[in-house]
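A.B. asks: Below: sequence and its predicted model.
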Amino acid sequence: MCLAIPGKIVEMVDDQNQYAIIDVSGVKRKVNISLIKNEGVHVNDWVLIHVGFAMNKISEKEAKEQLQLLQEIGEDMEALEEVRGYQFE
Amino acid sequence: MRYIDEFRNPELIRKTLDEIERIVDANDHFRIIEACGGHTYSIFHFGLQKLLPKNIEFIHGPGCPVCVLPPGRVDEVLTIAAKNSDVVFTAFGDVMRVPGKFGSPLNYKATGTDVRMIYSPLDALNIAIKNPDKKVILFAIGFETTAPSTAITVLNAKELNIDNFFVYSNHVKIVPVLQSILDQPNMKIDGFIGPGHASVIIGAKPYEIIAKKYKKPIVISGFEPLDILQSILMLIKQLKRGEAKVENQYKRVVLEKGNVSALEIMNQVFEDRPAFEWRGLGAIQNSGLKLRPEFEKWDAEVYFNVEKIIVEENKDAQCGEVLKGIIKPNQCKLFGKVCTPDNPIGALMVSSEGACATYYNHMFSSVAF
């Protein structure tokens, strides 16, 4: 019910910024962007779509930071193990 | 970045799972409510329950708006549409199979009532515009995720001066119901996986009461497997440290302040009801939204003078106990025998995000059984 899907803005439709054409996995649909028009919406922005409306922009910066953080999980442990593995004595 | 595949990366999923396993001790037992039906669906669909340590127990929360709708709400407007050939009932697909006192919207459609499925509230408004001789009722449903979209549709109807479009509001608010669950006697909950898409609108602040008053940690979470696993990791870290904070895992779309424009539009059109009835939970104060008096021209409750229909539930259906996490769906007397997705007795079996339908649809592929 609260399903929302990511899509990319490919075209602005009207001057009032009420609608945009959004590409969702290759399918292009007209979506209402009134809820985010104060956020400065541009072509190539990614947005989250729910019941025909864009709910918010998606932050690439935050997404990358999340993936980076998860990538780093356990790296300190691996480093510790490697240091413990040295046999110089 | 396409914002789907990246969050299903098997290597990162393994790493996150390893980290969860590392910090959970054998004698820990965590009872975690996932607030959203969407989370329940993801946990089962991606088999996360199979992968996580057994001492993390999920309780499937109240965040499926179709499931918490009191039976009778659909009848209240369907009976009007059935009696009047110029009235059209429109609703999202999830609502179409909700069993009412006299059948579901699809049953009504089969006997001649004008029932139409829509994907967006704007579709309902367009039906009204194209059919000026009809009166079109939008059966509006959903948490704060969906309420702003209904609100914009009402504002459009006003601007275009459309007088044959009416909203029957079943919109609800997430924080009052989470509080109500915490207020239930004998509830044993350690923490919450917080709603993702409702929080896109309301932000992180409204959950402070859960952390401060009830001392329960809550992590606002996305819906991809990595999102859910990271949220569980964040929650367990808090629990191990004895903390109770509101944290936001879903930062790529949820801002601390929410979507301010959407909140303004929602508050312009809707106001709190003094109380709203929830299936299995009873009446909860300030948990439902109705149209403000200045929009009563588009309010189906006012225009059609809708009368309340109370439906007695099947005595053997244990929807309320499932909603409160007292029993698991498959422990209900009717589960899988009388009540199935093809013939749902309770609403939890209707929506694909309902806990019972999720259990049923995944019962042959999950180790939860």
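C.D. replies: That came through, no problem. Numbers count the residues shown, from 1 in each chain, chains lettered A, B, ... in the order given.
A.B. asks: Run through the strands of chain A in chain order.
C.D. replies: All strands of chain A, identified by DSSP state E, fall at A:5-12, A:19-24, A:27-32, A:46-50, A:53-57.
A.B. asks: Report the mean confidence score over the longest one.
C.D. replies: This means strand A:5-12. The pLDDT scores in strand A:5-12 average 95.
A.B. asks: you'd agree B:Ile32 is in a strand?
C.D. replies: Yes: secondary structure of B:Ile32 (DSSP: H, G, I helix; E, B strand; the rest coil): part of a strand.
A.B. asks: so what's it up against?
C.D. replies: Contact partners of B:Ile32, counting by Cβ atoms under 8 Å, 6 or more residues apart in numbering or on different chains, are B:Ile56, B:Glu57, B:Phe58, B:Ile59, B:Ile189, B:Asp190, B:Gly191, B:Phe192, B:Ile193, B:Ile232, B:Leu235. (Each C-beta comes from the backbone N, C-alpha and C, glycine too.)
A.B. asks: Now that we have those residues, which of them are buried?
C.D. replies: B:Ile56, B:Glu57, B:Phe58, B:Ile59, B:Ile189, B:Asp190, B:Gly191, B:Phe192, B:Ile193, B:Ile232, B:Leu235 (16 or more other Cβ atoms under 10 Å in any protein chain shown).
A.B. asks: Quickly check those residues for the two that are furthest apart.
C.D. replies: Across these, no pair lies farther apart than B:Ile189 and B:Ile232, at 14.4 Å, counting by Cβ to Cβ.
A.B. asks: How much space separates the nearest residue to B:Arg273 once chain neighbours are set aside from B:Gly346?
C.D. replies: Nearest residue to B:Arg273, sequence neighbours excluded (Cβ to Cβ, 6 or more residues apart in numbering or on different chains): B:Gly288, at 4.1 Å. Distance, B:Gly288 to B:Gly346, using Cβ to Cβ, to the nearest Å: 20 Å.
A.B. asks: who has more neighbours, these two?
C.D. replies: B:Gly346 (28 against 21; other Cβ atoms under 10 Å in any protein chain shown).
A.B. asks: so the more buried one touches B:Lys315, yeah?
C.D. replies: No: here B:Gly346 lies out of contact with B:Lys315, judged by Cβ atoms under 8 Å, at a distance of 11.9 Å.
A.B. asks: Determine the longest helix present in the chain.
C.D. replies: This is for chain A. helix A:60-72 (DSSP state H).
A.B. asks: ah, I was thinking of chain B
C.D. replies: With secondary structure taken from DSSP H, chain B has its longest helix at helix B:225-241.
A.B. asks: is the following helix or strand past that helix up against chain A anywhere?
C.D. replies: Next helix or strand after helix B:225-241 toward the C-terminus (DSSP states H and E): strand B:246-248. No: Strand B:246-248 does not reach chain A (Cβ under 8 Å from any Cβ of the partner chain); its nearest approach is 9.6 Å.
A.B. asks: which residues sit against strand B:246-248?
C.D. replies: Under the criterion Cβ under 8 Å, 6+ apart, residues B:194, B:199, B:204-205, B:207-208, B:210-211, B:217-220, B:234, B:238, B:254, B:256 lie in contact with strand B:246-248.
A.B. asks: Could you check how many residues crowd around A:Asp15?
C.D. replies: 6.
A.B. asks: Up against chain B, what does chain A have?
C.D. replies: Residues of chain A lying near chain B (Cβ under 8 Å from any Cβ): A:1-4, A:6, A:32, A:34-39, A:46, A:48, A:50-53, A:55-60, A:62-67, A:70-71, A:73-74.
A.B. asks: Now which of these would you call buried?
C.D. replies: Applying 16+ other Cβ under 10 Å to the residues of chain A next to chain B flags A:1-4, A:6, A:32, A:34-36, A:39, A:46, A:48, A:50-53, A:55-59, A:62-63, A:66-67, A:70, A:73-74 as buried.
A.B. asks: Find the closest residue to chain B in chain A.
C.D. replies: Nearest residue of chain A to chain B, counting by Cβ to the nearest Cβ: A:Gly52, 2.9 Å away.
A.B. asks: returning to that earlier point: of the strands of chain A, flag the one that's most buried.
C.D. replies: Most buried of these, by mean neighbour count (mean count of other Cβ atoms under 10 Å in any protein chain shown): strand A:53-57, with a mean of 25.
A.B. asks: rewinding a little: got the contact list for the residue nearest to B:Arg273?
C.D. replies: Taking Cβ under 8 Å, 6+ apart as the test, what B:Gly288 contacts is B:Ser169, B:Asn170, B:His171, B:Val172, B:Lys173, B:Asp272, B:Arg273, B:Ala275, B:Phe276.
A.B. asks: Buried members of those into ChimeraX, please.
C.D. replies: Command for ChimeraX, covering only those of the contacts of B:Gly288 found buried under the criterion 16+ other Cβ under 10 Å:
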select /B:169,170,171,172,173,273,276
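A.B. asks: could the contacts of B:Gly288 go into JSON lines alongside secondary structure and pLDDT?
C.D. replies: Shown next, in JSON lines, are the contacts of B:Gly288 (DSSP: H, G, I helix; E, B strand; the rest coil; pLDDT from 0 to 100):
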{"residue": "B:Ser169", "secondary structure": "strand", "pLDDT": "98"}
{"residue": "B:Asn170", "secondary structure": "strand", "pLDDT": "97"}
{"residue": "B:His171", "secondary structure": "strand", "pLDDT": "97"}
{"residue": "B:Val172", "secondary structure": "strand", "pLDDT": "97"}
{"residue": "B:Lys173", "secondary structure": "coil", "pLDDT": "97"}
{"residue": "B:Asp272", "secondary structure": "strand", "pLDDT": "98"}
{"residue": "B:Arg273", "secondary structure": "coil", "pLDDT": "97"}
{"residue": "B:Ala275", "secondary structure": "strand", "pLDDT": "96"}
{"residue": "B:Phe276", "secondary structure": "strand", "pLDDT": "96"}
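A.B. asks: what's in contact with the helix or strand where B:Tyr360 lies?
C.D. replies: Using DSSP H and E, B:Tyr360 falls within helix B:355-362. For helix B:355-362, contacts defined as Cβ under 8 Å, 6+ apart pick out B:37, B:40-41, B:44-45, B:60, B:64, B:67, B:319, B:322-323, B:328-330, B:332, B:335-336, B:339-341, B:344, B:346, B:348-352, B:368.
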